[in-house]
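Asks: here you go, sequence then predicted model.
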Amino acid sequence: MLSLIYLIFSISIINAGLGLFVLLRNWRETINIIFALFSFIVSSWIFATGMLLLNPTLLWGKITILNGFLIGIIFLVFAKFFPKVDKKPTLRFYLLLFVPTIIFLLTLPSNLVLRNVVIEHGIPTPIFGPFFPISGIFGLFLVLYGILLFYKKFKTATGIEKLQIKYVFLGLGLFVVSAFINGAILPTAGITQLSFFSSTFSFFLIGFIFLAITRYHLFGIKVILIEILVGVMGIILFILPFLMPTITLKILTIFIFLLFLIFGYYLIKATYREIKAKEILEEKVKERTKELEKAKEELEKAKEELEKAYNQVLIEKDKFERLYKATLGREMRIIELKEEVRSLKEEIEKLKGKNRELNNTF
């Protein structure tokens, strides 16, 4: 049990360290400050859980509940600002956060939230007050509201922002599933000693959010699942030597742990190499696609120029046809006029002949 408590404190330090790293990376960024606060509160929650196991007092019980309540508050704030702010937070949003928090802080010192902490079956068991279910429901509402905000952003996000939200969902899902198995399913099977270690699985949530913010090795889900598998197996194999009863079994499990580290290293390395090759291939496909699109654009331009030239030819043809028709009509009219002139000349000649005959007669 003592070794597992040390593990709790180690996870608490790691979570705080990730938050501090992000904060020092750029302390002027709002999202970095919010994540640092989030990781510090989660770290404090884990630390208080460990202290509650070592020293099961009412004080540490209330500190644990306080940090659990604040996690819901800061998670909703984080969901509002990450990966970017879609809409500026309104006064109603801040009232939703601060008013219940003030009420909770005012009621926490009394017995309305937590009455006492007793030891049952060697495990600290809290005795809650009448106000605890209300605060618990409100905390759950905050978390669900934050998940809804992430879902709305996910539907409209593209590129790196969409991948960042995927990392948040993956970390949150692993945390919830692991904590549920450890805190709800295992106790029904009679394994109650591990229920207090559910908080350590928050490392998944903090770790994946850390990767999403720093944008460090944002690979696909396949790589992440392999890393998780190797990491979980590594943690289990790391803990086993401390639980073995004999020195022979301790040495054997340490040897297996070292072999697994080597195997896990080459497995992850091969996966990274595969992803890298895939990225290179995708880049080449993108370049080739760009070349084809450029050639297509050039063909479209040539087609447009040919269409313009063809339309111009049609216009000129129409002009020539109208000119030809006009010229042909004029020529025909000239011929007709010439025929009329010739006919008139013949009539005139006939009239002149008749006139001469009349003159000779008289």
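Replies: Perfect, I can see it now. Numbering: from 1, shown residues only.
Asks: quick one: low-confidence ranges for the stretch 201-350 of the chain?
Replies: Of all residues in the stretch 201-350 of the chain, those with pLDDT under 70 make up the ranges 215-229, 232, 243, 328-329.
Asks: now do the helices in it.
Replies: 202-214, 221-243, 247-361 (DSSP state H, counting those that start in this stretch).
Asks: could you say which of these is packed most deeply?
Replies: helix 202-214 (a mean of 22; mean count of other Cβ atoms under 10 Å). All C-beta spots, glycine's among them, are computed from the backbone N, C-alpha and C.
Asks: name the helices or strands packed onto that one?
Replies: helix 2-25, helix 30-54, helix 159-180 (3 or more Cβ pairs under 8 Å, 6 or more residues apart in numbering; DSSP states H and E).
Asks: mind putting the helices of the stretch 201-350 of the chain into JSON lines with distance to I137?
Replies: Shown next, in JSON lines, are the helices of the stretch 201-350 of the chain (distance: least, Cβ to Cβ, whole Å):
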{"stretch": "helix 202-214", "distance to I137": "21"}
{"stretch": "helix 221-243", "distance to I137": "31"}
{"stretch": "helix 247-361", "distance to I137": "41"}
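Asks: nearest to W60, out of these?
Replies: Across the helices of the stretch 201-350 of the chain, W60 has its closest neighbour in helix 202-214 (17.8 Å, Cβ to Cβ).
Asks: got the contact list for the closest one?
Replies: By Cβ atoms under 8 Å, 6 or more residues apart in numbering, the residues outside helix 202-214 that reach it are 11, 14-15, 18-19, 21-22, 25, 31-32, 35, 38-39, 42, 45-46, 78, 82-83, 163-165, 167-168, 170-172, 174-175, 178-179, 217-218, 224, 228.
Asks: picking that back up, make TSV out of the helices and strands packed on helix 202-214 and add distance to L205, mean neighbour count and mean pLDDT.
Replies: Putting the helices and strands packed on helix 202-214 into TSV (distance: least, Cβ to Cβ, whole Å; neighbours: other Cβ atoms under 10 Å; pLDDT from 0 to 100) gives the following:
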stretch	distance to L205	mean neighbour count	mean pLDDT
helix 2-25	9	17	85
helix 30-54	8	21	90
helix 159-180	4	17	83
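Asks: out of those helices, nearest to F197?
Replies: helix 2-25 (6.1 Å).
Asks: and the residue most central in space within the chain, how close does it get to F150?
Replies: Centroid-nearest residue in the chain: K162, 2.1 Å away (criterion: Cα atoms, centre = their mean). Computed as Cβ to Cβ, to the nearest Å, the K162 to F150 distance reads 11 Å.
Asks: now the residue nearest to the residue nearest to the centre of the chain when sequence neighbours are not counted: phi and psi?
Replies: Nearest residue to K162 in three dimensions, chain neighbours excluded: F154, at 6.5 Å (Cβ to Cβ, 6 or more residues apart in numbering). The phi and psi torsions at F154 (degrees, to the nearest 10) take the values phi -60, psi -40.
Asks: could you do P245 as well?
Replies: Residue torsions, per degrees, to the nearest 10, at P245 are phi -80, psi -30.
Asks: ok, now how distant is I209 from F81?
Replies: 12 Å.
Asks: ok now whichever strand or helix holds L96, how far from the chain's centre?
Replies: Per DSSP states H and E, L96 falls inside helix 91-107. How far helix 91-107 lies from its chain's middle: 29 Å, per Cα atoms, centre = their mean, to the nearest Å.
Asks: who are the packing partners of it?
Replies: By 3+ Cβ pairs under 8 Å, 6+ apart, helix 91-107 packs against helix 58-81.
Asks: average pLDDT across the helix it packs on?
Replies: Here helix 58-81 scores 90 as its mean pLDDT.
Asks: quick one, that helix and helix 159-180 angle?
Replies: Following axes from the mean of the first three to the mean of the last three Cα atoms, to 10 degrees, one obtains 150 degrees for the angle between helix 58-81 and helix 159-180.
Asks: which parts of helix 58-81 are buried?
Replies: Neighbour counts using 16 or more other Cβ atoms under 10 Å place 60-81 of helix 58-81 among the buried residues.
Asks: got the CA positions of it in PDB?
Replies: Extracted in PDB, the C-alpha atoms of helix 58-81 (Å, rounded to 0.1, in the frame of the first residue of the first chain):
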ATOM      1  CA  LEU A  58     -11.600  15.700   8.100                       C
ATOM      2  CA  LEU A  59      -9.300  18.400   6.900                       C
ATOM      3  CA  TRP A  60      -7.700  16.300   4.100                       C
ATOM      4  CA  GLY A  61     -11.200  15.100   3.200                       C
ATOM      5  CA  LYS A  62     -12.400  18.600   2.700                       C
ATOM      6  CA  ILE A  63      -9.300  19.600   0.800                       C
ATOM      7  CA  THR A  64      -9.900  16.600  -1.500                       C
ATOM      8  CA  ILE A  65     -13.500  17.600  -2.100                       C
ATOM      9  CA  LEU A  66     -12.500  21.300  -2.700                       C
ATOM     10  CA  ASN A  67     -10.000  20.300  -5.400                       C
ATOM     11  CA  GLY A  68     -12.500  18.000  -7.000                       C
ATOM     12  CA  PHE A  69     -15.100  20.900  -7.200                       C
ATOM     13  CA  LEU A  70     -12.500  23.300  -8.600                       C
ATOM     14  CA  ILE A  71     -11.500  20.800 -11.300                       C
ATOM     15  CA  GLY A  72     -15.000  21.200 -12.800                       C
ATOM     16  CA  ILE A  73     -14.700  25.000 -12.800                       C
ATOM     17  CA  ILE A  74     -11.300  25.100 -14.400                       C
ATOM     18  CA  PHE A  75     -12.200  22.400 -16.900                       C
ATOM     19  CA  LEU A  76     -15.100  24.500 -18.200                       C
ATOM     20  CA  VAL A  77     -12.800  27.600 -18.400                       C
ATOM     21  CA  PHE A  78     -10.300  25.500 -20.300                       C
ATOM     22  CA  ALA A  79     -13.000  24.300 -22.700                       C
ATOM     23  CA  LYS A  80     -14.000  27.900 -23.400                       C
ATOM     24  CA  PHE A  81     -10.500  29.000 -24.400                       C
END
